[in-house]
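*Asks:* Predicted model, plus sequence, below.
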Amino acid sequence: MKLAVIADIHGNLPALDAVLADIARRRVDLTVNLGDIVSGPLFPRETADRLMPLGLPTIRGNHERQLLTHGPDRIGQSDRFAAAALTAAQKDWLAALPATRRIGDDILMVHGTPASDLEYFLETVDAAGIRAASSDEIEARAGDTPARLILCGHTHTPRTAKTSDGRLIVNPGSVGLQAYRDEEPVPHNVELGTPEARYAIIEVGAEIAVEMIAVAYDWEAVASEAEANGRAEWARALRTGRL
Ligand SMILES: [Mn+2]
């Protein structure tokens, strides 16, 4: 089976459209979406309009959970922008998304880790900042989850790792946002350093082959939209992949 894996679109419809066009050229069997779909100062309603009719196997991210379940004073600017823009039908669609989902017996979709939509799987944040997670950390987060392939998102960082018993974990990176800052658990910056939209193509056969893809799109236009919505830090991240 040939899979396309998209994650962390964050309302960036032009990036999503560029990725979907690239996927269409590659003739995949299935495209799956790992969540954080709409939050951000861009095109939340239009992004949901694009995705809902496609019926892709989709899970929710922490941002869908936050914007649907927390009051406006408990969510950040990006969730607030999306919550204000989405229609009731779009919120119903997001509310119905599961936190994790299986594709057959072998493949598991998660946003953060199997246990949490907030925990980082393949990176670790500590007092020194963010770094690639150690083998022991990855094993602990994978736990005894049965799967040949675990797909995760959330950290916007394309990366693969394998547990000692051979489970492959793949983060395809982010379709819509190539740099962000988070204050939890300690302040840290994630910066890809390039603005292209990211996703992954995965061939699942006797072996599993992963190809990380970077796709150009009109990030200048999207950065201008972020600026028009008062988010200069988003504009810089969109243009450069840096903060
Ligand atoms: Mn997330």
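*Replies:* Thanks, I have the structure now. Numbers count the residues shown, from 1 in each chain.
*Asks:* Looks to me like residue 60 is in a helix.
*Replies:* No: read with DSSP: H, G, I helix; E, B strand; the rest coil, residue 60 is coil and lies in no helix.
*Asks:* which residues touch it?
*Replies:* Residues in contact with residue 60 (Cβ atoms under 8 Å, 6 or more residues apart in numbering) are 35, 37, 94, 97, 98, 99, 111, 117. (Each C-beta comes from the backbone N, C-alpha and C, glycine too.)
*Asks:* okay, those in TSV with secondary structure, distance to the ion and pLDDT next?
*Replies:* Shown next, in TSV, are the contacts of residue 60 (DSSP: H, G, I helix; E, B strand; the rest coil; distance: Cβ to the ion, whole Å; pLDDT from 0 to 100):
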residue	secondary structure	distance to the ion	pLDDT
35	coil	7	98
37	coil	10	98
94	helix	14	98
97	coil	13	98
98	coil	15	98
99	coil	12	98
111	coil	6	98
117	coil	7	98
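*Asks:* Sort out which of those are buried, if you could.
*Replies:* Neighbour-count burial (16 or more other Cβ atoms under 10 Å) is assigned, among those, to 35, 37, 94, 97, 99, 111, 117.
*Asks:* how about a markdown table for those, with distance to residue 238 added?
*Replies:* Converted to a markdown table, the buried ones among the contacts of residue 60 look like this (distance: Cβ to Cβ, whole Å):
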| residue | distance to residue 238 |
| --- | --- |
| 35 | 20 |
| 37 | 17 |
| 94 | 23 |
| 97 | 25 |
| 99 | 28 |
| 111 | 22 |
| 117 | 24 |
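*Asks:* Please identify the helix or strand for the residue lying closest to residue 224 once chain neighbours are set aside.
*Replies:* Nearest residue to residue 224, sequence neighbours excluded (Cβ to Cβ, 6 or more residues apart in numbering): residue 235, at 7.3 Å. Following DSSP states H and E, the helix or strand that holds residue 235 is helix 232-240.
*Asks:* what do you get for residue 181?
*Replies:* strand 179-182.
*Asks:* Please determine whether that strand lies in contact with the ion.
*Replies:* No: contact of strand 179-182 with the ion (Cβ under 5 Å from the ion) is absent, the minimum separation being 9.4 Å.
*Asks:* partners of that strand, with directions?
*Replies:* Counting by DSSP bridges, the strands paired with strand 179-182 are strand 188-191 (antiparallel).
*Asks:* Check whether stretch 122-136 comes into contact with the ion.
*Replies:* No: in terms of Cβ under 5 Å from the ion, no part of stretch 122-136 sits within range of the ion; the closest distance is 12.4 Å.
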